Structure formats: C-alpha cells, structure tokens
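Undergrad: Quick one, fold the following:
(chains A, B and C, ligands or ions: 7)
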Amino acid sequence: MSETYYDLMRRQGISRRSFLKFCSLTAASLGLSEAGAQQIAQAMQTKPRTPVVWLHGLECTCCTESFIRSAHPLAKDVVLSMLSLDYDDTLMAAAGHQAEEALEQTIAKYKGNYILAVEGNPPLADDGIYCIPGGRPFVDKLRHVAKDAKAIVSWGSCASWGCVQAAKPNPTRATPVHKVITDKPIIKVPGCPPIAEVMTGVVTYILTFDRLPDLDAQGRPKMFYSQRIHDKCYRRPHFDAGQFVEHFDDAGARMGYCLYKVGCKGPVTYNACSALRWNDGLSFPIQSGHGCIGCSEDAFWDKGSFYDHLTTIRPPGGLGIEGTADRIGLGAVAVAGAAIAAHAAVSAIKQARSKTRNDKVSEAEK
Amino acid sequence: MNIDRVSGQVLSGPLEPIYVYEAPVRLWHWVMMVAMLVLAATGYLIGSPPPSIGGEATFSYFFAWIRMIHFIAAMIFAVAFLVRIYWAFVGNHSSRAIFLPPVWSGRWWRGLFNQVAYYLFLKKEPDLWVGHNPLAQLAMFAMYTLGTLFIIVTGLALYAQQWGWGTWPMNVMGWVFVLFGDPQEVRTWHHLAMWYLLLFAVIHVYMVFREDIMSGESVIGTMTNGIRMWKRAPKP
Amino acid sequence: MATIQTQGFTLDNSGKRIVVDPITRIEGHLRIEVNVDRDNVIRNAVSTGTMWRGLEVILKGRDPRDAWAFVERICGVCTGVHALASVRSVEDALAIRIPKNANIIRNLMHATLYAQDHLVHFYHLHALDWVDVVSALKADPKKTSELQQSISPWPNSSPGYFREVQSRLKKFVESGQLGIFANGYWGSPAYKLPPEANLMATTHYLEALDFQKEIVKIQTIFGGKNPHPNWLVGGVPSPINVDGTGAVGAVNMVNLNMVRDICDRTIEFVDQVYLPDLLAVASFYKDWAKIGGGLSGQNVMAYGDFPDIPNDYSNNSMLLPSGVILGGDLKKVHDVDLKAPDQVQEWVTHSWYKQAQEQNGLHPFDGVTEPNFVLGPATKGTRTNIENVDENAKYSWVKSPRWKGHAVEVGPLARYLVAYARGNKEIVEQVNGALKALDVPVTALFSTLGRTAARGLECQWAAHKMRYFHDQLMANIKAGDLTTANVEKWEPSTWPKEAKGVAPCEAPRGALAHWVKIKDTKIDSYQCVVPTTWNAGPRDAKGQIGAYEAALLNTPMVNPTQPLEILRTIHSFDPCLACATH
Ligand code: HEM
Ligand code: HEM
Ligand code: NFV
Ligand code: SF4
Ligand code: SF4
Ligand code: F3S
Ligand SMILES: [Mg+2]
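TA: Ligands and ions are numbered 1, 2, ... in the order given. Sure thing, here's the model as predicted:
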C-alpha cells in the first residue's frame, strides 16, 4: 500500500480526530461543504506521495545543500514522507543506466502528475555542450522532463535568473529555466541559495493545499518574496536615523548600525531573510555584519561592487567610461557648463562688436 | 501681426505684446522648479548619505526626513505635472508646446535649423516666436517632458516598493520592475534621470538669460507676467 | 589499441567498455568510462568532467574585493572555501594583514565546514555504497541495539528506537515509492554488512541528516547564512561586541555560547557516531584496503591550512602542514611553493580548452581559460550525444594540474600522509590508533578504504579543533582584542598599480589555491586550481593519468552492469565537479 499524507500526519502525532478537523477546516476555507471535507479526507488517505524529479544543470549544488538544512520540516521528513524524490543525481542511490531508468519510469508512470524541480540552468551556447550529463546537452534533458511535468519549481537564482555563470560575459550563455520552458507553470524560488525553510515551505504549501502558490509579477511566491529585506530589517531604525556603518568593524558596525553605506542592497532585494532569517531563524547576512548583496535578484552580479551603494555603469561600446550615476551625471553637467561658458563668452564678444557697429551706424546717421 | 498658427513663428508685424504664458503655467513653472531642486538635493543625499550621526536611534529621524522631504517634493512635483498636463488641454496654444513639438510643420523644422545656425554664430539674428523657439521646444519635450515622465514613473515605482508585491501601489507600478528586470536597475535609472533633468536645467537657465539679453523678445519677464514683448521686427 | 604503460600502471582499452554517467551522489556532473577484461577487472579508466561555467572568464575586470562572492558560488557543498582562498590571495597581492580574531574566526568557520562536509559525505554521498538499506528491514532491532551499545556510548541506542526507524523504513519500502532509493543495487553480493549493521548505519544516515544542519550554524553566526556565508577582504565582516552599547547587534555572548555548544555537540557526534560507524563498516570491507589506491601510494600533495599565527602560511604556523610526497617515500617531504613557475602547472592537452602550446603546462599566473570543445576521432556518437569519449584526444572540462610535472593525489588522505610523514604528533597518534583498531598496516591507507578512513579521522580532528579555535577566540576577546577587520587598504586608491597574489588553502577535498593578478584596481587574471581538478583531471601531454583514473585500475567488479565498485572508489574522493571545472 502506498504511504499517504494521512499516514504522515498520523506519524507526526496528529490524531485521527484532528486530522478530520483539519480536513473540514481546509474545506471551509475553500468554501466547500461537509461532503467536500470528506472528499479531502478520502484523498489524503489514499493519494500517493507526489513524485518529484530534481534536475541539476550548471550549478554549485548549494540549493540542495540549503534544502537539507531545513529545520521545519526536516529535510528527511520531506524526502521520506511528504513527497517521493524519484530522481535527484545528488542524493539518489542508483547511478548511470539505473539512474536514467528510474527517471524514465517516473515520467512514464506519472505523466502530467510529477513536479520538476530544477537546480542550476542550461547553457545554450555551442549546442549546449557546456553541460552534458549522460553525454547529451542538459537543455535536452530539461525539455524532455518538463514536457510531462505538472509544474516546475526553479530553485535558486541559477534556475530563476541565471546567477553567477550568467554574469557578464556569460561565456556559456547560461539561461534561466523560464526562457527555455514556456508552456508550464513555473515557480521561481530565487536566492543564492534560497533559505532552506522557504524551499520546504513552498513544497509543503503545494502538497498541503494542493495548489500552486500565488506568484508575483516576476513569478515568485508572494508569501516569501513580496517584500524587501529593507522593509523588515531590524536595522531600519538606524537607517531612518542616518546612523550608518562607514567602514567594516568601526564603532557603528559594533553597535549594529545600518549597512547602507557599505553597499547593502536590502532596499532593492526581495527576499525573506530579514523576517525568517537563516538556519532555523538564527541570523542573516545583515545581522552578521555584511550587507545584503542582493542574491535573490536578477543579475545582482553585474551591478558594480557589492560594497558600493550606487551601481557602476559601463556604457555599451566599451568606451572605457565607467562610473556611478553621479560621476557620469556630474561629468555631463560639467561638460555642459564648460560649453555654456564658452558660448556665453563668444556671445558677449559678438554682442559687443555688433553694438559698436550699431553705434557707429547710428552716429553716421546723425 | 501675422503669426504662423502651427509653429508660432512671427512672420510679419506690426508687433504687439501677446499674452503667452497663462497664470497656471507660470505658477506651475516656479513651483515645479523649487520642487525639482529640492528633489535633486535630497535625491543626491539618498544616494550618498551624509556622515553618520551618533546617539540613540530613537531620537533621530534624520535620514528619514531627507527621504520624507524627497517624497513630499516628489508628490508636489508629480501632481504639478498632472495639473500641467490638464492645462495643456484647456490652456492656450503655448500651453501645449512642451508636449507636442509640431514636427509636421516645415516652418518649424526650418526654424529649428535657423536656431541651431544662430547658436553656432552662423546666423546673425534668430526668428521671432510667440512661444518657445523650435530648438527650445524640442529640448523641453525631449529632456524636460520625457525626463520628468520617466523620473516620476521610476520614482513612483521605487516608492510603491514599501508596500510590496500584491498591494495596490505595486499592482499599479510593478510593471516598471518587470520592464527593467530588477529594482537596483530602476534605482540607477531614476538617479541618472536626475542628471538628465539637471543637464536640461543648466542649459535652460543659460539660454533664458542669454535670450533675454540677446534675442528679439522678452523672456524672463514673460515667465513672470505672461506677456511677450518685442524688441525688433521679424526678418523678412 | 595496444597497452600503454604510465606511472607504473598498465592501461588496456581492448576489453568491454562500460559507461557510468551520471555518477550520482557527488557534486556536479561526472562521467566515468572503464574497460573491463574477461574477468571483469578494470584495465582502463577515463574520467570526464561534463560541465563548465567559466568563472575565471567572468571574474576578469571585477573588483578584487568582490571576487570571494563570485568564486564562493563555484561550489555550495564545500561552501566558503573558495571565498577563503580568494580573500587570502587578494590579501597576499595587496599585502593586507588580517587581525588575530579574523584569523581565528576564519579557522573556526573552516573547521566547521570540514566537520559538516565530511559528515555529509560519509553518510549521504558515500554510505549507500557500503550499506544495503533494504537489508536493514531484516535486522533484529534488539541485536542492532546491542551492536550500537558495544561500539559507542551514543544514547540513541534502545531496541525501541531502532524498531521505530525500521518500521518507518518498512512503510516507506512497502509504499512502492522508493524515491532516492529506487533502482539501487540492493541485494548485490558486493554488500557485506549484516542486517543489524545496515539498520544502524541507515538510522545514522537519518540522524546525520538532522545533525549536519546544526554544525553549520557556526558559519551562520559569523557569516550570516549557510550555505554561502559572507567573507571580507581584510578580515571577517562580523564585528565583536561583548559588553558595549548595541552588543546585541554584533557577535556577543549569546552567539559565543551557542558556538561553544555546537563545538561540543559536533565532537560528540563525530566521536560517538561517525567514527564508530566508520570502523564498524570498514571492518567488513577490509578487502577494500587493497583496492583503489591509485596515486595515493605514489604522489600526494597538501598546501597546508589552519594558520595558528595570523598571516603566516608556513609550516611553522599551519596546523595541517604542506608538502609533497613522491614515489610513496614517506621519509622525504618536498616543500611546495605556489609562486614558483615550475611547480604548479596546468595542462589542457586532453581538456576542452585551447592555449598556444598545448604540449606545455602553464603556471596559473600565466594561465589561460579558453573553451574549445572538440572530440577525438575514436569518439563514439556525436557532439551532442556522446556514447564513448576518445581519451587519446580532448575528453574533459577538467584541466590537468601537475606538480613539477607529477600527477599527484590531494585530499584528506594526502593531508594525512603529509602530516604523518612530517611527524605531526596528533595525526600520527590518530592514524596509528585507527590502523591498530582495524589491524591493518600503514600501506592499507593507500586504498579506497584508506581515503574514506582518513576523511573520518580528519572530521574528528576538525571537530576537536573547532573547540580549540573557540577557546582561542574567547581568550583573545578576554585579553581585550575585539578587532575583526583591517580596513587600511580597503580603498582601491591605496593599492599599487599592479599586484599579484596567491595563498594556500586546504578545502575538504584537498589542496586549493587561487592565483589573482590585479591591474588598475581590477582583476586582470584569475585562475583557480581546485582539489577535484587535481584528482579528476584527464591525462596530460605525457599521457600521465590522474588520481581518479589511477584509482579505478585493477579493480575487480562483481557485476559490470552494476557499477558499485566504481562508485565506491570514485566516491572515496568525494568528487566535486562544479569545483573541478568552475
Ligand atoms: C526631479 C525629480 C526627481 C529627482 C531629481 C529625484 C532624484 C532622486 C535620486 C538621486 C534618488 C537616489 C537614488 C539612489 O539611491 O541612487 C532618488 C531616490 C528616490 N526617489 Fe527620486 N527623484 C525625483 C522625483 C521622484 C519622484 C517623482 C518620486 C516619486 C515618488 C521619487 C521617489 C524616489 C524614491 C522612492 C527614491 C528611493 C528612496 C530610497 O530608496 O530611500 N523621486 N530620487
Ligand atoms: C529646475 C529648473 C528649471 C526647469 C526644470 C525649468 C523648466 C521650464 C520649462 C519646462 C519651461 C517651459 C514652460 C512651458 O512652455 O510650459 C520653462 C520655461 C521658462 N523658464 Fe524655466 N525652468 C527652470 C528654471 C528656470 C529659471 C531659474 C528661470 C529664470 C530665471 C527660468 C525661466 C524660464 C522662462 C523665462 C521660461 C519661458 C521661456 C520662453 O519664454 O520661451 N526657468 N522652464
Ligand atoms: N574540489 C573541491 Fe571543493 C572542496 N572541498 C573546493 O575547493 O568541493 Ni565543491
Ligand atoms: S542559485 Fe546560487 S546557490 Fe543555487 S546553485 Fe546557483 S550558484 Fe549555487
Ligand atoms: S542594513 Fe540594509 S536592509 Fe537593513 S536598514 Fe540598512 S540598508 Fe536597509
Ligand atoms: S544577500 Fe541574499 S541571503 Fe538574503 S540578505 Fe540578501 S537576499
Ligand atoms: Mg582553473
């Protein structure tokens, strides 16, 4: 017999009574009647665990590492009881042919019903030969598995945006999943890596409520990515007060002042770090003294130094000009100022000349 | 007095004072100017904050004030712009100038080239215009009007962030982030737009003073009392 | 093809070709091809890294102070080590000296990674090569409990505890949805553990999964998160404040207490679970003390790490010493100089890169990384559907680093052999103790089992060092030193026009260094030579094989369609291909 969600809840110490109560609450929240609650209970007692295929492209595997750090729920409970991780090269026992066979079996058996989780991304340059697990371009494998998936979860900034390998000049043309797979619902869970509990939170949300989370305009679950680090940062009062760390390890740093002036990207970064924090709620980058580098944002690698507040702009064409908006703007205004001064001088000379001429003319007219 | 209705060029005399900038336009101009200077000052400080101040965070709201002033000025600036747009519909011919350069008018293009030649000292005297000369008009449209629109849109988007995705301000402005890719990019462009506008302002102020002295029309006075006076006749 | 002799090995690719791709339970993408003879003994081995991202290319023109964040993303498994290598190299280039606290905290974070990474490797990436999960269902929980209690004082040892785990496992298996255990090699005669030992190890697989996430919290305290904590050129980003205003906003007493607690618990877990398991499992697989030695009996290398004295990377200071052993001669240890142009060099003759003269190796200060994907004439399949690679041509995204032209093995075993040969007292004692417990000679270390054992011993060493570093930190704070960063040369305007630097690092998988050249405040060239590059690399211009290829040779396979033996030896290196190719 397949292990079900009901079994899992029972094992976690939830009584049958509270299980049924959970079902009717769920039904009520969905606007269903008592019969609906029974349907839910029925489904939860018989439904097999949702199969998940976890693919790896160009990546650093730190999304997997983050995932196994989850404290609530524990990664082991997710993997053993909540879902069925039918393919994941990083954790699975089988290798080579046996691994590929397991993959094909899952695709065949659960057509349209499995979830595809992608860590990393496919490189598209040169026929995709920069990532060739199994001797074939990863992008082909991705397309193949995506075809019959119910939905796709893009783990981390690699799958969501491209991340470090897509930083300029992106030598392999590493490309985020949504630019390759366009006909499936895709949930982006960005971050480099994402917070463990955010990863398992997304998974458990899907399993518990049997629906995909609400996404924002960028395709990220609103529940974790709708607000900025800055909006919930505990150092915000120091920001408002104008109390900044000017240098690492200065007096302000030791008192926990705001890290804005040493480059904190909290004001432009959508993630849950300042609210949920990392590793079982222990800390997050800012709490440990380093600014947010914006690791959940698209192209955060290419905004200039992590220690500058203003982006370094490199105008296209490789003119060799580079600087912040202030340097470029001030430069332009200075050039304009010089031009104006020159123009004003010439104008004054011309004016003076034509005046003397006019005077002469009028004198002559007298 | 013979005036080309489309381009506003004065073709022939006799010249008489004309009411050009209606009171709302004049009022708007000076209010907007003050708002913009406040915005630029506070905006610069938001990008490059002044040295930290000490003491208890509870008793200071210094940086937040800078931002608050920026936002208040921004709202005045944005609302003033809206009012100005409204006035373009109900005001006189000149009230539409900065929104609609008459690029379909041959006379306007000739005027534009003449004006450029004039500034390059290739032509002695410029044509006479009821409103802005074509070059000024083009600069006002391309730099001021579009720049202002851009800075307001990006500014409102940055402002909307404090509510987060899924709230009405972001439902209205969120597309800006999708368009630019990420918020730091929007921030950078907002910042660049400030310099674009300041660039306009510098050139504009120079031209205003220069033309007030050198051209055939009154200029500064026109933005105070609305009336264009003439110092000489149009060249045939 | 005829046979080829190299480094005392005989390569013969005439037998049946077997491909294992993907190699699973590793980091990144690795392909292994072997030829087996009629007796199913491996006679030729080919190691192919199948991914490349181009970090060295991407780093060009960037701010050297940012480099740590880029290179940290080379790998999330050995998270932070590239960042450490990076900040050290930049500090070397710019002559920045880090404060004592920063050195201690870096050591502490680094030791923390060792403990967690080794633990995860043993249980989650390696154990299933030795442990038959399905056989655990047949175990008697009572006997398992007795076994557990006989080998360690670990408290989770009651029959009821093991029964519960077993019943959970049973349910899982009966569900028919085997998840990550699907299609495993369960029941293979290559598995030697009795059911009770299998149940014990499987139980600890789950316990270790829960526990490893506690260890890394030390990195979270000082680096803000894990994986991928934050680092800083010139020190560490976390300020210390134990009694001043705002101490709650810095590293404070509460954090330090937690660190202490984690150190203690890590020691406990490694001493009472990992090491006893390792010895118990090893005692059933002693034949693997004769298999898979590869290069380890010949050439091994370590750069050394854990400087006890800040900014001093000599053997005077490093708790894990550096050195090279050649030809298995433990009596002579050669010194390593990362800046000497003739010592560390990389070849691309058999790698998918190009350079001017491919018969020559390049020192990393002159290194070039330019992709060039071409396949040899004997390749089977096509460019986008490779069936067999041609090892006589280019066949891997991994380069081939060599030390003075020698192929060497790196990693915990190499470190331990170097430390042993250098007479490091702690390590000599630890090694001799383990050899005695297993009743095997020192040559048993030159093997698959030796590699796995050295990692376990090193994990124990690291766990105890965590406490040592924490004690040091407390003592230094007590002495009134709170400094964690040196910002004298933070501003690029203080830098010379041109500079270059490199510093040693020992990542969990072996010797690691980054060579950086800075010009006009920007990175002019950045080259990483990484542990798995040394081990997984392909042949060089002379046809010398690397550590993976050497270690697979002469391994008898029980059943060539089930690559268990290949997995055992390859996993004993703890491969990381994202690292290897970067
Ligand atoms: C002439 C008009 C304006 C100028 C010159 C201006 C200038 C600036 C500058 C230079 C910044 C700093 C950006 C950075 O950090 O790099 C800024 C920030 C900002 N501006 Fe404006 N701005 C203008 C109008 C507006 C408008 C119309 C709004 C709309 C509400 C607005 C909202 C903001 C917001 C929300 C920020 C970010 C503040 C923060 O993150 O703390 N601005 N502005
Ligand atoms: C931030 C600075 C300023 C900005 C952005 C600005 C912008 C503008 C704009 C958009 C117009 C066109 C009005 C319309 O046609 O509706 C205008 C006209 C004018 N501005 Fe300004 N202005 C600035 C500062 C000044 C200053 C400092 C002066 C004078 C001392 C000035 C004098 C004038 C005059 C005289 C006109 C009318 C020009 C004409 O008659 O063609 N402006 N300005
Ligand atoms: N090889 C390697 Fe690493 C390690 N240890 C790093 O330098 O794993 Ni990803
Ligand atoms: S998103 Fe970041 S953490 Fe995740 S795999 Fe990519 S580089 Fe690693
Ligand atoms: S530390 Fe960063 S996120 Fe926090 S208040 Fe300052 S700028 Fe905002
Ligand atoms: S750097 Fe990343 S981890 Fe959070 S605080 Fe910033 S998004
Ligand atoms: Mg390299």
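Undergrad: Quick one: the helices in chain B, in order.
TA: B:23-47, B:62-90, B:106-119, B:134-139, B:146-160, B:168-173, B:175-180, B:183-214, B:220-225 (DSSP state H).
Undergrad: Equivalent analysis for the stretch 251-400 of chain C, please.
TA: Assigned by DSSP state H, counting those that start in this stretch, the helices in the stretch 251-400 of chain C fall at C:253-269, C:275-284.
Undergrad: go on, the stretch 251-366 of chain A?
TA: Going by DSSP H, counting those that start in this stretch, the stretch 251-366 of chain A shows helices at A:251-254, A:273-276, A:325-365.
Undergrad: how about the first one, does it reach chain C?
TA: Yes. Applying Cβ under 8 Å from any Cβ of the partner chain, one finds helix A:251-254 touching chain C at A:Ala253, A:Arg254. For the C-beta atoms, the positions are set from N, CA and C on the backbone; glycine is no exception.
Undergrad: Distance-wise, check A:Ala159 relative to A:Leu142.
TA: Between A:Ala159 and A:Leu142 the computed distance is 10 Å (Cβ to Cβ, to the nearest Å).
Undergrad: Who has more neighbours out of the two?
TA: Counting neighbours by other Cβ atoms under 10 Å in any protein chain shown for A:Ala159 and for A:Leu142 shows that A:Ala159 has the greater number, 31 against 24.
Undergrad: I'd assumed that one was in a helix, is it?
TA: Yes. Under DSSP: H, G, I helix; E, B strand; the rest coil, A:Ala159 sits within a helix.
Undergrad: ok, the residue positioned nearest the centre of chain B - contacts?
TA: In chain B, the C-alpha nearest the mean C-alpha coordinate belongs to B:Tyr144, at 3.6 Å (Cα atoms, centre = their mean). Residues near B:Tyr144 by Cβ atoms under 8 Å, 6 or more residues apart in numbering or on different chains: B:Ile98, B:Leu197, B:Phe200, B:His204.
Undergrad: Just flag the most distant two among those residues.
TA: With distances taken as Cβ to Cβ, the most widely separated pair in those is B:Ile98 and B:Leu197, at 13.4 Å.
Undergrad: Near B:Val202, how many other residues are there?
TA: By other Cβ under 10 Å, the residues close to B:Val202 number 17.
Undergrad: Was I right to think it contacts A:Ala339?
TA: No. Using Cβ atoms under 8 Å, B:Val202 is not in contact with A:Ala339; the gap is 9.9 Å.
Undergrad: Redo the helices of the stretch 251-400 of chain C as CSV? Include distance to C:Ala182.
TA: Converted to CSV, the helices of the stretch 251-400 of chain C look like this (distance: least, Cβ to Cβ, whole Å):
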stretch, distance to C:Ala182
helix C:253-269, 29
helix C:275-284, 23
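Undergrad: Let's have these in JSON lines, adding mean pLDDT.
TA: JSON lines is the format used below for these (pLDDT from 0 to 100):
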{"stretch": "helix C:253-269", "mean pLDDT": "98"}
{"stretch": "helix C:275-284", "mean pLDDT": "97"}
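Undergrad: Spatially nearest residue to residue 205 (excluding sequence neighbours)?
TA: Using chain A. Among residues not flanking A:Tyr205 along the chain, A:Pro213 sits closest, at 5.3 Å (Cβ to Cβ, 6 or more residues apart in numbering or on different chains).
Undergrad: wait, chain C
TA: Excluding the flanking residues, the one nearest C:Tyr205 by Cβ to Cβ, 6+ apart is C:Tyr123, at 4.9 Å.
Undergrad: And A:Gly191, by the same measure?
TA: Spatial nearest neighbour of A:Gly191, excluding adjacent residues (Cβ to Cβ, 6+ apart): A:Ser296 at 4.3 Å.
Undergrad: Would you enumerate the residues in contact with that neighbour?
TA: Applying Cβ under 8 Å, 6+ apart, we find A:Ser296 in contact with A:Ser157, A:Pro190, A:Gly191, A:Cys192, A:Pro194, A:Tyr225, A:Thr269, A:Tyr270, A:Asn271.
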